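Asker: using only what follows, build the 3D model:
(2 chains)
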Amino acid sequence: MEISGADIVLAAKYLAAGLCMGIGAIGSAIGEGLAAAHALDGMARQPEMQGALMRTMVLGQAITETTGIYSLLVAIVLLFVV
Amino acid sequence: MSGIFEQLQGLLAHLGEKQILVLRVLGAEIRVDWRTIVMSWIVMAILIGLALWLRRALRQPVEEKPNRTQAALDALIDLLRSQLGSSFASEQLAVRMFPFISTLFLYVLISNWLGIIPYLEAPTQNLNVTLGLAFLVFFISQSLAVRHRGIKSYLKGFLEPSPVLLPMNIIGEIARPLSHAFRLFGNTLAGTFLITVIMVKFVPILVPSVLTMVFTLFFGAIQAFVFAILAVAYINVAVEA
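Answerer: Numbers count the residues shown, from 1 in each chain, chains lettered A, B, ... in the order given. Next up, the predicted model:
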């Protein structure tokens, strides 16, 4: 089977999209896990603060998630647009 | 092997297919995705219909015992007020902005949940819808900042902590609505992609329905809440700083 330039471009696209998503998700996953862990710590210490802690945790996680969403967008662009 | 990829790409390309309608107004071309517009109208119709239906339950003297519908509505408003309304910087701001924020929350929530009905799709899957909502929040927060702090203090805020950082401040201000919009769009789209791929390629029964519930109902509600609470946070920052 002949391997042409277009095949290499296609392979590079899929590889890049996979790497982008996989590596890009590491940061936001660690960040969200840290936020959840510390919120749980706080809730265990002060159960009466649960509501406020939950709200702040979700807000913080949403902001942390932005980098993961950016890598998802880059992966989508690599797959369907480039 | 390449066959699978081509099939998958064909499937996913179909998923993002846009029904483009081209309008010509005064020589300019306006391209709109009519499917998304119709879906937004459906969401609006659902919300307005619900509001009209619930209003009928309220037509009675306040002293009377509330009926079931009214109790449910009270619980919803209480929930929104305790979760969203209590996050505002000041009581005055909360009174003024709570209707807008809760409307935003309900609109995004119903939009996200619309995807669960066959043949319908969530309007928030289209970046233009989420960008529109995010820029609405952006303009409202900027105008509130000007009104609360005065135009002089507002413009001076861009020169702090030092005038060298002016471009940074402007970019930071513009990046806010963009990340606000991309977050909702990316989350909704990722859920749909994942469900479609699993449904077509791996398990066609049972698993996709559970995944749909998790992604559409649970994450949809979380994302709507996050969208609203971030709007509150942006308005707080704009008014306070």
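
Asker: contacts, neighbours, all on C-alpha from now
Answerer: Fine.

Asker: low-confidence ranges, the chain, go.
Answerer: The chain I'm using is chain A. Applying pLDDT under 70 to chain A picks out no residues at all.

Asker: that was the other one, I meant chain B.
Answerer: B:1-20, B:59-63, B:241.

Asker: what's the longest helix seen in it packed up against?
Answerer: What stands out as the longest helix in chain B, according to DSSP state H, is helix B:166-201. Contacts defined by 3 or more CA pairs under 8 Å, 6 or more residues apart in numbering or on different chains; DSSP states H and E place helix B:166-201 against helix A:50-76, helix B:127-149, helix B:207-212, helix B:220-240.

Asker: that one vs helix B:220-240, what angle?
Answerer: Relative orientation of helix B:166-201 versus helix B:220-240 (axes from the mean of the first three to the mean of the last three CA atoms, to 10 degrees): 180 degrees.

Asker: just send the helices and strands packed on helix B:166-201 back as a markdown table, with mean neighbour count too.
Answerer: Below are those laid out as a markdown table (neighbours: other CA atoms under 10 Å in any protein chain shown):
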| stretch | mean neighbour count |
| --- | --- |
| helix A:50-76 | 19 |
| helix B:127-149 | 17 |
| helix B:207-212 | 16 |
| helix B:220-240 | 21 |
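
Asker: and of those helices, who's closest to residue B:104?
Answerer: helix B:220-240 (6.5 Å; CA to CA).

Asker: show me the contact partners of the closest one.
Answerer: Outside helix B:220-240, the residues that touch it by CA atoms under 8 Å, 6 or more residues apart in numbering or on different chains are A:58-59, A:62, B:84, B:87-89, B:101-102, B:104-106, B:108-109, B:112-113, B:137-138, B:140-142, B:144-145, B:148-149, B:180, B:184, B:187-188.

Asker: excluding chain neighbours, what is closest to the residue nearest the centre of chain A?
Answerer: In chain A, the centroid-proximal residue (CA atoms, centre = their mean) is residue A:68; its distance is 2.7 Å. Closest residue to residue A:68 apart from its sequence neighbours, by CA to CA, 6 or more residues apart in numbering or on different chains: residue A:25 at 5.1 Å.

Asker: check contacts around that neighbour.
Answerer: A:67-68, A:71.

Asker: burial measure for residue B:186, as a count.
Answerer: Number of residues near residue B:186 (other CA atoms under 10 Å in any protein chain shown) recorded here: 22.
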